[in-house]
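A.B. asks: Take a look and give me a structure for this.
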Amino acid sequence: MRRRLVVVAAVACAVAALGAAARAERCLPQFTPHQANWTGFDEKTFGSGTNTAHDPDGVGWISRDAWREAEWDGTVYNPSTMSKGDFVKAICPSVDRVRGIREVFYAYKPFADNRNPTKAEIDDWHRVALNHVRALVGYTSPERQASADVCMHARALWGDERKFTTKWDDAYPGTTGSAAGPCQGSGNAHCGATFVPSAEDQAPYLPADWPTCRTVAGAEGVFGGPKADIPWSIKWSRGLCNTLHAEGFWGGHVGPWFHREKFGFSFWPSGKHAVLRAKWTGKLMPNLYCKPGDDGCDPAAAGPPADAPAAATNIKPIDDATCTELAAAVARARQLPSPSSSAVNSWLTSAATFSSMARCRSRAAIDAAMRAVAPSPPAPGLEPSKPAAPPPPPPPPPP
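C.D. replies: So this is what the prediction gives:
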């Protein structure tokens, strides 16, 4: 029920934005809890005068020539046929420049205001950036696309609160330094990894009526490389690039960046750093590459199939026509006599529907759909008619 409400909220949010400022034109679900305090990041990002905005061109220490050197020509990099150093240089020409990321940013335009991106916009950008990283190794098929997860973002923040503060210690005693905490005085970088507060204590961090978050199968990485003063378009990249330098493609902390279905990020201010706690869950896709030297490894045969899509399928926003159909289907479903029935709920709560709504960028298209399906006032003494069956799922967006 909660995910249905969030999906519908995406439509309502877009409609409500009609009279708002231009930046409200993007109406995205927010995954990072409101409790995440990022105020200090902006102060450090702009305090020295080096950076002018959070977009790649606003990063003061990266020249246009340096960005040109990091452009991507569409080559799919095969780690099975490359040395560790060559592969790292191909993906990350420097720790602040993932190959091709500048072009993706300006093609997608994730921030309505590059000086003041919202948490929702930053969350969505991390999804886009992560899927671009996967495209660099040819992981572009729909089942290999990463999606942001509400509980993973919340759990990443709870883990940081448990590790860096005493906020939860009185209510949740435990073994100091354990995965569940408390953590003060512990040298365990992953302290707080399994900490999950009660349903009552979770509620303020989650969307209204969201299901209680629990520990689930997955992985966690804690990366100290990101800096507090790095703009948001590239703040995340040192988490990946530093780890690629240290471990290569086959490293345990690198694997989830390429192979896990769902993610959640938390950035915690720690002096000059913005410590990234990345949590991963969902389906773990098989690695299509083999490590040279392993039994049976044929580097030339490794990699995605030849007919894999040439670019990540969910980076671009959904077109207006598809977005209109999706919004109309959601609106019709809301008019059913029992909107929580299993048939409707199974569709409305699907990850595909939720992520698709997050990619509807046209406020006008969604609003037009809502007006088109709005029920007319019933005649006196008559009840408004109701559809007898849930609508079929809308067609997937074109690749």
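
A.B. asks: contacts, neighbours, all on C-alpha from now
C.D. replies: Will do.

A.B. asks: how far away is the closest residue to Gly225 other than its chain neighbours from Arg134?
C.D. replies: Spatial nearest neighbour of Gly225, excluding adjacent residues (Cα to Cα, 6 or more residues apart in numbering): Arg238 at 5.3 Å. According to Cα to Cα, to the nearest Å, Arg238 stands 16 Å off from Arg134.

A.B. asks: ditto for Lys84
C.D. replies: In terms of Cα to Cα, Lys84 sits 17 Å off from Arg134.

A.B. asks: out of the two, which sits in the more crowded spot?
C.D. replies: Just comparing Lys84 and Arg134: by other Cα atoms under 10 Å the higher neighbour count belongs to Arg134, 21 against 18.

A.B. asks: on contacts alone, who are the packing partners of the helix or strand hosting that one?
C.D. replies: Per DSSP states H and E, Arg134 falls inside helix 119-135. When contacts are defined as 3 or more Cα pairs under 8 Å, 6 or more residues apart in numbering; DSSP states H and E, helix 119-135 packs onto helix 101-108, strand 147-148, helix 255-259.

A.B. asks: Dump those to TSV, plus mean pLDDT.
C.D. replies: Shown next, in TSV, are the helices and strands packed on helix 119-135 (pLDDT from 0 to 100):
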stretch	mean pLDDT
helix 101-108	95
strand 147-148	96
helix 255-259	98
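
A.B. asks: okay, these in JSON lines with mean neighbour count next?
C.D. replies: Compiled in JSON lines, the helices and strands packed on helix 119-135 are given as follows (neighbours: other Cα atoms under 10 Å):
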{"stretch": "helix 101-108", "mean neighbour count": "17"}
{"stretch": "strand 147-148", "mean neighbour count": "24"}
{"stretch": "helix 255-259", "mean neighbour count": "22"}
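
A.B. asks: closest one to Gly303 among the ones you listed?
C.D. replies: helix 255-259 (12.7 Å; Cα to Cα).

A.B. asks: chain center to the closest one: distance?
C.D. replies: Here the centre of helix 255-259 is set off from its chain's centre by 14 Å, with Cα atoms, centre = their mean, to the nearest Å.

A.B. asks: now do stretch 41-48
C.D. replies: Using Cα atoms, centre = their mean, the offset of stretch 41-48 from its chain centre is 24 Å.

A.B. asks: Also stretch 255-267?
C.D. replies: Per Cα atoms, centre = their mean, the centroid offset for stretch 255-267 relative to its chain is 8 Å.

A.B. asks: ok, residues contacting it?
C.D. replies: By Cα atoms under 8 Å, 6 or more residues apart in numbering, the residues outside stretch 255-267 that reach it are 31-32, 36, 130, 133-134, 139, 144-157, 160, 219, 240, 249, 274-287.

A.B. asks: Now for Pro117: which residues touch it?
C.D. replies: Per Cα under 8 Å, 6+ apart, neighbours of Pro117: 54, 111.

A.B. asks: heads up, I number from 400, so please use that
C.D. replies: With the count now opening at 400, the last piece we talked about shows up as Pro516.

A.B. asks: Could you dump the helices and strands packed on helix 518-534 into JSON lines and include distance to Ala598?
C.D. replies: Formatted as JSON lines, the helices and strands packed on helix 518-534 follow (distance: least, Cα to Cα, whole Å):
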{"stretch": "helix 500-507", "distance to Ala598": "37"}
{"stretch": "strand 546-547", "distance to Ala598": "21"}
{"stretch": "helix 654-658", "distance to Ala598": "28"}
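
A.B. asks: and the nearest residue to Tyr538 once chain neighbours are set aside, what helix or strand is that in?
C.D. replies: In this structure, Tyr538 finds its nearest non-sequential neighbour in Pro703, 6.8 Å apart by Cα to Cα, 6+ apart. Using DSSP H and E, Pro703 maps to neither a helix nor a strand.

A.B. asks: Could you pull out the buried residues of the helix or strand harbouring Ala673?
C.D. replies: Per DSSP H and E, Ala673 falls inside strand 672-683. For strand 672-683, the neighbour count (16 or more other Cα atoms under 10 Å) marks 672-681, 683 as buried.

A.B. asks: Quick one: classify Phe666 as helix, strand or coil.
C.D. replies: Three-state call for Phe666 (DSSP: H, G, I helix; E, B strand; the rest coil): strand.

A.B. asks: Could you measure from it over to Gly580?
C.D. replies: 19 Å.

A.B. asks: now swap in Lys483 and tell me
C.D. replies: For Lys483, the distance to Gly580 - Cα to Cα - is 36 Å.

A.B. asks: cool, Gly586 as well?
C.D. replies: Taking Cα to Cα, one finds Gly586 at 12 Å from Gly580.

A.B. asks: These two - which one has more neighbours?
C.D. replies: When Gly586 and Gly580 are compared for neighbours, Gly580 comes out ahead with 25 against 10, by other Cα under 10 Å.

A.B. asks: what about Ala555, helix or strand, and which?
C.D. replies: helix 549-563.

A.B. asks: tilt between that helix and helix 518-534?
C.D. replies: 100 degrees (axes from the mean of the first three to the mean of the last three Cα atoms, to 10 degrees).

A.B. asks: and helix 549-563, what other elements does it pack with?
C.D. replies: By 3+ Cα pairs under 8 Å, 6+ apart, helix 549-563 packs against strand 659-669, strand 672-683.

A.B. asks: export the ones you listed to JSON lines and tack on distance to Asp628 and mean pLDDT?
C.D. replies: Below are the helices and strands packed on helix 549-563 laid out as JSON lines (distance: least, Cα to Cα, whole Å; pLDDT from 0 to 100):
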{"stretch": "strand 659-669", "distance to Asp628": "10", "mean pLDDT": "97"}
{"stretch": "strand 672-683", "distance to Asp628": "8", "mean pLDDT": "97"}
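
A.B. asks: possible to save those strands as a markdown table with distance to Thr575?
C.D. replies: Converted to a markdown table, the helices and strands packed on helix 549-563 look like this (distance: least, Cα to Cα, whole Å):
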| stretch | distance to Thr575 |
| --- | --- |
| strand 659-669 | 20 |
| strand 672-683 | 19 |
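
A.B. asks: angle of the helix or strand encompassing Leu639 against helix 500-507?
C.D. replies: Using DSSP H and E, Leu639 falls within helix 636-646. Helix 636-646 and helix 500-507 meet at an angle of 150 degrees, taking the same axes, to 10 degrees as the criterion.
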